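> Need a 3D model of the following:
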Amino acid sequence: MKRTLLYPWHESAGARFAPFAGWEMPIQYPPGAVEEHRLCRRSVGFFDIDHMGQFIVSGSGAGEALSTLVSGAILDMAFGEARYSLLLNEKGGIIDDLFIYRLREDSPENRAGNDLWFVVVNAGNRETDYAWFTERLPGNAGITDISEETYMISVQGPRAVELLDSMAGTGVAGTADGSGGRNFPSGEVSAIPRARMAELALAGIPVRAGRTGYTGEDGAELYCAADKALVLWEALFDAAKKTGIEAGPVGLAARDSLRFEAGMPLHGHEIKTDITPLEALSSWTCDFGKEFTGKAALLRQKTEGIKRRLATVNVTGGVPREGYKVLDGGGKEIGVVASGMFCPTTGTYSANVFVPPQYSEAGTELAVEIRGNAKEAKVIKRPLYTPAYRRTT
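Down below sits the predicted model:
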C-alpha cells in the first residue's frame, strides 16, 4: 500500500487508516466521521488528497488532441479556467471523471510557447488514464505524469476562502512543481473566480490554487511541491489558530458523505466503465457538437433509450449499502444500490440507486432489501444538499 507524505502526521493525530485505491489513507480522526462532516459544513475542513494524480498535457496541438479524448468542451476555455469532464471508452462507459485546467501562457511548464493543460485524475485510475492518453495522443501533443512531485491538499467549507486569504503573503521564488526560476505573486484566493486556478504564495509557499472541490462547499484545491507539503499543511492549522477560525482534518469517510449529499459521483459507484453518462445523469458533461471517444455509442443509446437511470432514495428502517437490491412496490427486484449511507446534514439514510427510468421520478415508492427485509424507500429530488456554487442567495 502506498502512503502519502503526511502519513506520519495523520498517525500522530490518531487517524484510523484503511485501504483506498491502493493507498493507506486516513478514514477518520478521533472526533469521528460525522463530526468531521459537520465541521466542513459549518467552518473549514482540511483534506490530504495526495492519492489523486496530476498530468500535464502539452504541445502545439495539445488542446485539439485532448478535446477528442474527453467528453466536454474545452477549446473555449480561458487561461486558468477549470472544467469537469469525463474520459469514456468506445462503448460510452466512464473510464474516469477529471478536472481539466487550462494553464496560463507563462506557466513554468511552458518552455516553448506550448499549449498547456493540467489534468487531475482519480487515484485508482491514474495508471489506466495515463496509458489511455499516451496511446491516443498524436505526435504534436505529449503527456507528463507530475503526481510524484506535486502534492494536493483540499481546503473546504464556508470559511475556507477567508482562512486562505489570511495566508496570502509576499511573492517568493520558485514554482508549485518545485522547478524554481520564477516569482509567484502575492494574492488572495477570494480574488480567484469559481472554477478558475491561479498561481500565488500562501504562507510563503508557491501554490496553484484551484477554486474547485468535492464537498459542495466553497474552498480551494491546492497544489504545491511535494517537499513543501508538511509546511503547507501545518501552516493551515497555524492560520486557523491565528484567525480563530474553527478547522480540522477530515478523512475519506466524511469526504464520501459530503460529496454524496452534494450529488457528486464517486468512480466505481455512480460512474464506472459499464455505466454511461446518460445513465449516470452526467450527459451535461458531453458536448455532442464535437467529436470525442464514445460519442457514437451515446448517440445510439439516446436513440434506443436507456434501461436504467441514477436516482436517489431516502430509506426508512435501515442503512442501505452498495450492492443491496432495489425492489418495486410488489417486491420485484428492479435495481441495485450504487452507494448508500447516513447523511449527517439531512439526518437521513439515503442511497444512490440504478433503476429503470420509469421508477426514477421523485415521489416514487420503492424498497431496499436490507438483511433479507424490504425497507421502505422513496425517490427524492437530487441533490440532498445544494452545493455552494448553485446557491442564488
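> pLDDT score for Arg390?
pLDDT recorded at Arg390 is 87.
> which residues touch it?
Applying Cβ atoms under 8 Å, 6 or more residues apart in numbering to Arg390 gives no contacts. To be clear about C-beta, it is placed using only N, CA and C from the backbone, and glycine gets the same treatment.
> any idea how far it lies from Leu164?
Arg390 is 21 Å from Leu164, where distance means Cβ to Cβ, to the nearest Å.
> Sort out which residues of stretch 336-355 are buried, please.
Neighbour counts over stretch 336-355 (16 or more other Cβ atoms under 10 Å) mark 336-341, 343-345, 348-355 as buried.
> Among those, name the ones in strands.
336-341, 343, 348-355 (DSSP state E).
> just so I have it, where are all the strands in the stretch 151-300 of the chain?
Taking DSSP state E, counting those that start in this stretch, the strands of the stretch 151-300 of the chain run over residues 172-173, 183-184, 197-202, 205-210, 219-225, 247-249.
> Tell me which of those sits nearest to Arg159.
The closest of the strands of the stretch 151-300 of the chain to Arg159 is strand 247-249. By Cβ to Cβ, the value is 7.8 Å.
> counting contacts, what elements does the closest one pack onto?
helix 33-42, strand 44-48, helix 229-243 (3 or more Cβ pairs under 8 Å, 6 or more residues apart in numbering; DSSP states H and E).
> elements contacting the longest one?
Packed against helix 229-243 by the contact rule (3+ Cβ pairs under 8 Å, 6+ apart) you find helix 7-12, strand 44-48, strand 150-156, helix 160-165, strand 205-210, strand 247-249.
> quick one: the closest residue to Arg371 other than its chain neighbours and Pro138, what's the gap?
Counting by Cβ to Cβ, 6 or more residues apart in numbering, the nearest residue to Arg371 once its immediate chain neighbours are dropped is Gly318, at 7.4 Å. Per Cβ to Cβ, Gly318 is found 52 Å from Pro138.
> do Gly63 as well
Gly63 is 12 Å from Pro138, by Cβ to Cβ.
> who's more crowded, the two?
More crowded of Gly63 and Pro138, by other Cβ atoms under 10 Å: Gly63, with 18 against 12.
> so that one sits in a helix?
Yes - membership of Gly63 in a helix is supported by DSSP: H, G, I helix; E, B strand; the rest coil.
> So for it, what's the pLDDT?
The model's pLDDT for Gly63 equals 95.
> Quickly note the distance from it to Ile100.
Counting by Cβ to Cβ, the gap from Gly63 to Ile100 is 10 Å.
> Next, show the common contact partners of those two.
Common contact partners of Gly63 and Ile100 (Cβ under 8 Å, 6+ apart): Ile74, Trp117.
> just the helices in the stretch 1-150 of the chain please.
7-12, 33-42, 62-69, 126-136 (DSSP state H, counting those that start in this stretch).
> which residues sit against the last one?
Residues from elsewhere that reach helix 126-136 (Cβ under 8 Å, 6+ apart): 53, 55, 57, 69, 87, 95-96, 98, 121-122, 143, 145, 147, 293.
> tell me which residues in it are buried?
Result for helix 126-136 [16+ other Cβ under 10 Å]: buried residues Arg126, Asp129, Tyr130, Trp132, Phe133.
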